[in-house]
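S.K.: my questions concern the predicted model and sequence given below.
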Amino acid sequence: MGVKTSEHEILINLQRQPGINQQALAARCFTAKSHVSALLNDMAAKGWIGRHADMSDGRVKRLTLTAAGSEMAARTAHIQAEVVTLMAKDLAHSELLLIARSMTNVCVRLEAALGVPKEKH
């Protein structure tokens, strides 16, 4: 498919939070703004993302997926699901519950560090 892991991460984040700005996206991806900027330029050239001026601050660009970007996000999410299924194939239910609990705790801590509003997990 030729999609980088970092591109997949951006696609999924834009799918989950359309209209996010570049700075917030970089923070969510734990990536330097310059790296995200370069990736976004490449992804825009591929027709996957759109940049739109923020209505309240013209200096800020809001990021969204195009139809092609939404399709690519769905494709990469499907592949990711297949990989996760393969990884978890031989684990006992109790092991999966432990992993889920641990990942929820990690996500809560990361979101708190990023200032993301609390959600139900």
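M.R.: Yes, it's here.
S.K.: residue 75: neighbour count?
M.R.: Neighbourhood size, residue 75 [other CB atoms under 10 Å]: 14. C-beta here means a position set from N, CA and C on the backbone, and glycine is covered the same way.
S.K.: now do the SS call for it.
M.R.: For residue 75, the secondary structure call by DSSP: H, G, I helix; E, B strand; the rest coil comes out as helix.
S.K.: one more: residue 50?
M.R.: Note that with three-state DSSP, the state of residue 50 is strand.
S.K.: quick one: it and residue 112, what's the gap?
M.R.: Residue 50 sits 30 Å away from residue 112 when distances are taken as CB to CB, to the nearest Å.
S.K.: and what about the residue nearest to residue 19 when sequence neighbours are not counted, helix, strand or coil?
M.R.: Spatial nearest neighbour of residue 19, excluding adjacent residues (CB to CB, 6 or more residues apart in numbering): residue 62 at 4.5 Å. Following three-state DSSP, we place residue 62 in the strand state.
S.K.: ok, now which ones touch residue 62?
M.R.: Contact partners of residue 62, counting by CB atoms under 8 Å, 6 or more residues apart in numbering, are 19-21, 51-54.
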